[in-house]
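>>> Pasting a predicted model and its sequence here:
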Amino acid sequence: MPKQSTDQLKTDRSSLVHRIRYALRNPSRIAPHVLRSARDLRLRLTHRDHVSYYRAVMASDAARDPRAAVGSRNEERWLALGEMQFDYLVEHGLKPGHRMLDIGCGNLRAGWRFIDHLDTGGYYGIDISPDILIAGKKVLAERGLQHKLPHLTLTQDLTFDFLPDDSFDVVHAHSVFSHSPVEVIDECLRHVGRVLAPGGFFDFTFDRTEGTEHHVLREDFYYRTETLVALAEKHGLRARFMEDWEERPHGQSKIRVTVPE
Ligand SMILES: C[S@@+](CC[C@H](N)C(=O)[O-])C[C@H]1O[C@@H](n2cnc3c(N)ncnc32)[C@H](O)[C@@H]1O
């Protein structure tokens, strides 16, 4: 996906004007959008908290196509998106001896490459969706990576309470906060410093807006960079916008969080 233009960065996708204009430009997308809105409304009414709601969204999406459920329209894009994440972290120093926590690992689009690269047992993937983790286990088997003994764990929150202090050289969340309300991000940032190893970092992507923060169907959330940087600083972390990620053909932006020495 190409980078957003300045106009796109200011767009409020939840506004009625935008939705009408979008519908007029893309009439073939109206019916799928109406169906998705109806499904999401039903799931919101039957699931009280965001994680339960989004888990139900993932169950519905993964039943149709696990690759599409993590946002890739075909196998080629699924492979390319995984490779992009992998190459970036390797360029930023991910070594086989490192231990990595992949938050919202999905069906291991990038995870299988990390598992292959890291020493045995070095990869920890967590996700709120049992359906996508099952799809991830299939990918692991297809890639013949069972001997790497990755940890794949279902989670309900981002407190990391089952993980020890100072454990991970790299924590990573790709396309997770783009589906998360601010309370979920706040919880993650409150706790992530405890599990980061000295000198480690936490990279996350987000859907960036330079206009009003908003969400669409409580599935896609748009944040200003300064909001997320301030949230990290509130929890005693340092956060910086990763300019070099902007050069990659990906619609989201990236922030790196570290614990100040
Ligand atoms: C768009 S997919 C991306 C998956 C993977 N990171 C990748 O790039 O292929 C988002 C994933 O995050 C998971 N997820 C969403 N909210 C989460 C949360 N609060 N904690 C953990 N996982 C979450 C979803 O179940 C889904 O598997």
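Happy to help now that I have it.
>>> Helices along this structure, start to end?
6-10, 16-25, 30-46, 50-64, 66-69, 75-91, 111-117, 130-142, 182-195, 225-234 (DSSP state H).
>>> For the protein, what lies in contact range of the ligand?
Proximity of the chain to the ligand, by Cβ under 6 Å from any ligand atom, involves residues 51, 54, 58, 70-71, 103-106, 109-110, 126-129, 132, 155, 158, 174-176, 179-180, 184. C-beta coordinates here come from the backbone N, C-alpha and C atoms, glycine included.
>>> Out of the residues you listed, list just those in strands.
Within these, residues falling in strands by DSSP state E are 103, 126-127.
>>> Just say which of the helices of the chain is most tucked in.
Here the criterion is mean neighbour count by mean count of other Cβ atoms under 10 Å, and of those the winner is helix 111-117, at a mean of 23.
>>> chain center to it, what's the gap?
In terms of Cα atoms, centre = their mean, to the nearest Å, the centre of helix 111-117 is found 17 Å from the chain centre.
>>> before we move on, the earlier item: dump the helices of the chain to JSON lines, plus mean pLDDT.
What follows is these, written out as JSON lines (pLDDT from 0 to 100):
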{"stretch": "helix 6-10", "mean pLDDT": "81"}
{"stretch": "helix 16-25", "mean pLDDT": "83"}
{"stretch": "helix 30-46", "mean pLDDT": "90"}
{"stretch": "helix 50-64", "mean pLDDT": "95"}
{"stretch": "helix 66-69", "mean pLDDT": "94"}
{"stretch": "helix 75-91", "mean pLDDT": "97"}
{"stretch": "helix 111-117", "mean pLDDT": "98"}
{"stretch": "helix 130-142", "mean pLDDT": "98"}
{"stretch": "helix 182-195", "mean pLDDT": "98"}
{"stretch": "helix 225-234", "mean pLDDT": "98"}
